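Undergrad: from the sequence below, what's the structure:
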Amino acid sequence: MFWRSSHAVTWDGREDIAMGEQTVLYTAGSDHIAELVLNRPSALNAYTSRMCRELVDALDAYQADDRLRCLIITGAGRAFCAGGDIRGGDEEHDNYLERQLGHAVQMREGMHRVIATLHRMDKPVIAMINGPAVAGGLALALACDLRIAGNSAKLGDTSGRFGLLPDEGGAWLFPRAMGLDRALKMSWLAQVYSAAEALALGLVTEVVPQEQLRDHTRALASAIAAKAPIATRLVKTMMRHGLDSTLERALNDAAMAVMIANPTEDVREGVRAFAEKREPRFQGK
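TA: Alright, predicted model coming up:
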């Protein structure tokens, strides 16, 4: 299946179809894994207003399709995402500035919608960081659940080089990943780290050799997709909510989640598979 923002989404296995000028490439395979590729390689996949709209549309398509159990987000070419495109010449950007509170409206309707959509999503999302992920690109990666980086990737916040702010969600995401003091130092000094340094700072989950990045990430996505999808989604919701909750509220949420998960056919299949000494075949029912 392939996706265009102006066409209906259909399911027909995996196809490789040239997307022309699309800034986002979205594919969904019969293996329950979807892949979203930022497609502005000549600009290091810096985002524009159009890309943000297409990202939200693709994320909504993934969330709505129960056949899909894991999403991989990556970038075309040699970068993951270099943040917002500051080179100018974006007609949509100029149109936003003609509106009241134009800069704020552009952010709210642009990358803020992308970050918020990812944060609300209860299905697994993996960032496959194939190259630079800086400023808003780092915020995008941190909004995903897992971050697998190639060993040549670079991560950091470059917004300070231009007198700009970590305004794509970074001011919230960066301290939660690496601690307030390190986040302040990174943004104040516009620091960019190697993949190994980013791992030590908590910005990525794993670092693998660049040539193994795709195979490793696909294998991880396949392993997640093989698990019971309802339980997978509930685990994510419980842990995300638990970060901003009290223990008592988290325990109550767990009790409510059990009422959803335990009666499912997947739980019965898991018990049967254990008794029969085989791998379970979860159907999401």
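Undergrad: tell me the helices in this protein, going along the chain?
TA: 49-64, 91-97, 102-109, 111-120, 136-142, 170-178, 180-189, 195-201, 213-225, 229-243, 247-261, 265-275 (DSSP state H).
Undergrad: JSON lines for those helices, including mean neighbour count and distance to Gln22?
TA: Every C-beta, even on glycine, is put in place using the N, C-alpha and C of the backbone. Shown next, in JSON lines, are the helices of the chain (neighbours: other CB atoms under 10 Å; distance: least, CB to CB, whole Å):
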{"stretch": "helix 49-64", "mean neighbour count": "20", "distance to Gln22": "7"}
{"stretch": "helix 91-97", "mean neighbour count": "13", "distance to Gln22": "16"}
{"stretch": "helix 102-109", "mean neighbour count": "15", "distance to Gln22": "19"}
{"stretch": "helix 111-120", "mean neighbour count": "18", "distance to Gln22": "16"}
{"stretch": "helix 136-142", "mean neighbour count": "29", "distance to Gln22": "18"}
{"stretch": "helix 170-178", "mean neighbour count": "19", "distance to Gln22": "26"}
{"stretch": "helix 180-189", "mean neighbour count": "15", "distance to Gln22": "32"}
{"stretch": "helix 195-201", "mean neighbour count": "18", "distance to Gln22": "28"}
{"stretch": "helix 213-225", "mean neighbour count": "18", "distance to Gln22": "21"}
{"stretch": "helix 229-243", "mean neighbour count": "17", "distance to Gln22": "28"}
{"stretch": "helix 247-261", "mean neighbour count": "12", "distance to Gln22": "37"}
{"stretch": "helix 265-275", "mean neighbour count": "14", "distance to Gln22": "36"}
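Undergrad: closest one to Ala149 among the ones you listed?
TA: helix 195-201 (4.5 Å; CB to CB).
Undergrad: contacts for the closest one?
TA: With contacts defined as CB atoms under 8 Å, 6 or more residues apart in numbering, helix 195-201 is touched by 129, 149-156, 177-178, 182, 193, 204, 206-207.
Undergrad: got the CA positions of stretch 111-119 in PDB?
TA: Provided in PDB are the C-alpha atoms of stretch 111-119 (Å, rounded to 0.1, in the frame of the first residue of the first chain):
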ATOM      1  CA  MET A 111       5.100  20.800  13.800                       C
ATOM      2  CA  HIS A 112       3.100  21.200  17.000                       C
ATOM      3  CA  ARG A 113       0.300  19.100  15.500                       C
ATOM      4  CA  VAL A 114       2.900  16.400  14.500                       C
ATOM      5  CA  ILE A 115       4.400  16.200  18.000                       C
ATOM      6  CA  ALA A 116       0.900  16.200  19.600                       C
ATOM      7  CA  THR A 117      -0.400  13.500  17.300                       C
ATOM      8  CA  LEU A 118       2.600  11.300  18.100                       C
ATOM      9  CA  HIS A 119       2.200  11.900  21.800                       C
END
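Undergrad: about what we covered before: ok, of the helices of the chain, where does mean pLDDT dip lowest?
TA: Among these, helix 91-97 has the lowest mean pLDDT, at a mean of 64.
Undergrad: I'd like the helices of the chain as CSV, with distance to Asn39 appended.
TA: Converted to CSV, those look like this (distance: least, CB to CB, whole Å):
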stretch, distance to Asn39
helix 49-64, 8
helix 91-97, 17
helix 102-109, 21
helix 111-120, 15
helix 136-142, 14
helix 170-178, 23
helix 180-189, 28
helix 195-201, 23
helix 213-225, 16
helix 229-243, 27
helix 247-261, 37
helix 265-275, 35
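Undergrad: good, wrapping up.
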